[in-house]
Structures are given as C-alpha cells and as structure tokens.
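1. One predicted model, sequence on top.
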Amino acid sequence: MVNTAVTLCGIELTNPVIPASGTFGYGREFAEIYDIDCLGAFAIKGTTREPRFGNPAPRIADAPAGMLNSVGLQNPGVDAVVARELPELAKVYHKKVLANVCGFSVDEYVEVAARLDKEDIVGWLELNVSCPNVHGGGMGFGTTCSGAAEVTREVKRAVKKPVIVKLTPNVTDIAAIARACEDAGADGLSLINTVLAMRIDPAARKPVLANITGGLSGGAVFPLALRCVYQAYEAVGIPIIGMGGVRSARDVIEMTLAGATAVGVGAANLINPFAAKEIIEALPAEMEKYGIENLVDIIGGAHNG
Ligand code: SIN
C-alpha cells in the first residue's frame, strides 16, 4: 500500500492533488457529481475587494493542446465570498481551501488577505501576483522581485495563516522572483500561472480575444511549468505547489520529482470535471509502477543525479 500523503505548510493532505484557482469555482458544482473531500485541497477563484464582472467577451480561445482565457478576475468580491460562498462550501467540503487573493494595490491584497485569514475553512492564502488578464494589478506585481516581495511582506504582517505566492512564468528569471518572495517571508510558492499568449481570427483579421491577449494553459504548457518548478526548487527552501498543464498521475510524479510538494490541476478540470478525482485514483498504481512507496520521498528527486 503506497502513501500519497504530503504536508503543505504544516497542514497534512491525504494526497497532493489540488484543483487550481479559477478552474473549480467554489467547489459546489463539482460536489454535485462527486465527493470533493477526496481532494488534497483546492483553491477558490481569485478574490478582490470589490465584485468584478471581468473582461468583455470573447474571453476564451482554443489552442493546440490547451486554451486561452482572459477572464479578468471575475468574482463576487470578498464580502460575498465570506458571507455566502465559503459557508455554502462548508456544507459540502470538510477540508481546507487555498484562498486566492488578488489586488490592484498592495493595500487591497492586505485587506482581502486579512479578511479571508479569519475564515476557518481557509488553510492557506494564495497571493495571486500573476494574473496576466488585468491592467494595473495581478501580474504587474509578480514580474519584479521588488513588487512580489512588497506584496508578500505586507500581507505576511497582516495574517496568521501560511502565505503561498502564485508566480507567473512570464519573467526572465523565475528563480530570482521565487527567492525574493521567500526572503520577504513567503511560506510557500505556487507555479505556474498562465503564459501570456494570443490568437488571431484570419477572417476578421483581428485578435480572437476582446482583451487581445490571454493566458495559455493546458497540456501545452506542462514542460514549461515543469522547468519553472525545477528552477524554483533549486532557488528556495519553502514548499512548492507545481501546476501548469497537469493531466495525469504520471504528470503528478514528474512535478514531484521536479520539486513540488503538492500539485495543482487546472485546465484539465474544464475538459473533464472528474479529472482531479481520476488523477487521485490513478496515483497509487502509478507510484507502484515506479517503485515509489511514499510520495514525500521523491520530492525534488530529479535534482539528485
Ligand atoms: C483570470 O481571472 O483572468 C484568470 C486568473 C488568473 O490568471 O490568475
């Protein structure tokens, strides 16, 4: 019998699989089709101070082995998340969530994080400094060491729960950003968010997305995500949630070997709503296939050679 349990910033997960923010809503629709307590954890949709309707449509585009989104942080705002979404979720889910926190200023990150920090169901705060679809916030903070560090440092001062900073791959040196977040007090990192990308409609001779650009996710980005996790692991000593194009139990093992303590599943949930559950179910047999008894034993295992 293999052991899939991992510990993420002091909280034990029965398995490492975590549906990624923005691909699992607030869990309720998924809870109608399977018992979501089988998950290691999951991340709720990014939360801002005010409600947001997001970007104009079209905001989804097809891509080879993936998809583009330019949703623009649509969410009901922190008041509604606290008053409605989290209490409803607690009726169908009995583990902890990562509360994904977004902002357009450092003050907004601090205020939203401090509100969500008080909620029992929130186990970790995931600081989203990596959304490529908004102007004046999101990725704007995560593409410089100083921006990522400032958000991390100020939020850490205001909260008690572990702070996990979600990084963008749209940088030259992801190891430097990872190190800056760790130095500023981050308890963990999650990476990658989506890759800045676009499509053009040849008939209309204009970009497919109303926002012009969007974030690429899905299987196409898996090797890129794996490379980023590998580089971040060499740069820091804090745990990493590896994500980006994960579609199978084999991908979970590759991410773990690259250095991930837990593994996010994102776009795959949008293609197959049972994807996370199926990966969890397939993981023990996949571990046996590679002679792995305890998943924790192979975290960062690809760096030993
Ligand atoms: C979005 O809402 O635009 C996607 C979220 C993200 O990229 O962080």
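-> Yep, that arrived.

2. all contacts plus neighbour counts: C-alpha atoms, from now on.
-> OK.

3. ok, Ala268 touching Gly245?
-> Yes - under the criterion of Cα atoms under 8 Å, Ala268 makes contact with Gly245 at 7.4 Å.

4. tell me, what's touching the two both at once?
-> Contact criterion Cα atoms under 8 Å, 6 or more residues apart in numbering; residues shared by Ala268 and Gly245: Gly218.

5. More neighbours: those two, which one.
-> Higher neighbour count among Ala268 and Gly245: Gly245, with 27 against 23, using other Cα atoms under 10 Å.

6. residues touching that one, list them.
-> 217-222, 225, 265-268.

7. Helices of this protein, start to end?
-> Counting by DSSP state H, the chain has helices at residues 28-31, 78-80, 86-90, 106-117, 139-142, 145-158, 174-183, 222-235, 249-258, 267-271, 275-289.

8. Okay, now the unreliable bits of this structure?
-> 305 (pLDDT under 70).

9. now the closest residue to Ser248 other than its chain neighbours: how far from Trp124?
-> Computed as Cα to Cα, 6 or more residues apart in numbering, the closest residue to Ser248 that is not its neighbour in sequence is Ile279, at 5.5 Å. The gap separating Ile279 from Trp124 is 23 Å, by Cα to Cα, to the nearest Å.

10. Show me what from the protein comes close to the ligand.
-> 70-74, 130-133, 194 (Cα under 6 Å from any ligand atom).

11. And the furthest pair within the residues you listed?
-> Maximum pairwise distance among the residues of the chain next to the ligand (Cα to Cα): 16.0 Å, between Gln74 and Thr194.

12. what's around Pro51, how many residues?
-> Pro51 has 16 nearby residues by other Cα under 10 Å.

13. Same question for Lys277.
-> Neighbours of Lys277 under the rule other Cα under 10 Å: 18.

14. Same question for Glu12.
-> Around Glu12 there are 13 residues (other Cα under 10 Å).

15. So what pairs up with the closest residue to it other than its chain neighbours in the strands?
-> Of all residues not flanking Glu12 in the chain, Val6 sits nearest, at 5.9 Å (Cα to Cα, 6+ apart). With DSSP bridges as the criterion, Val6 is bridged to Leu13.

16. ok and the residue in the stretch 101-250 of the chain nearest the ligand?
-> The nearest approach of the stretch 101-250 of the chain to the ligand comes at Cys131, 3.6 Å away (Cα to the nearest ligand atom).

17. what's the distance between that residue and Lys95?
-> In terms of Cα to Cα, Cys131 sits 26 Å off from Lys95.

18. between the two, which one's more packed in?
-> When Cys131 and Lys95 are compared for neighbours, Cys131 comes out ahead with 29 against 18, by other Cα under 10 Å.

19. wouldn't that one be in contact with Ile192 here?
-> No - using Cα under 8 Å as the test, Cys131 is too far from Ile192 to be in contact (10.4 Å).

20. Quickly list what's touching both of these two.
-> Counting by Cα under 8 Å, 6+ apart, the residues touching both Cys131 and Ile192 are Thr168.

21. which ones are touching Gly123?
-> Here Gly123 is in contact with 11, 96-99, 161-162 (Cα under 8 Å, 6+ apart).

22. Among these, which one has the most neighbours?
-> Counting by other Cα under 10 Å, top hit in the contacts of Gly123: Ala99 with 30 neighbours.
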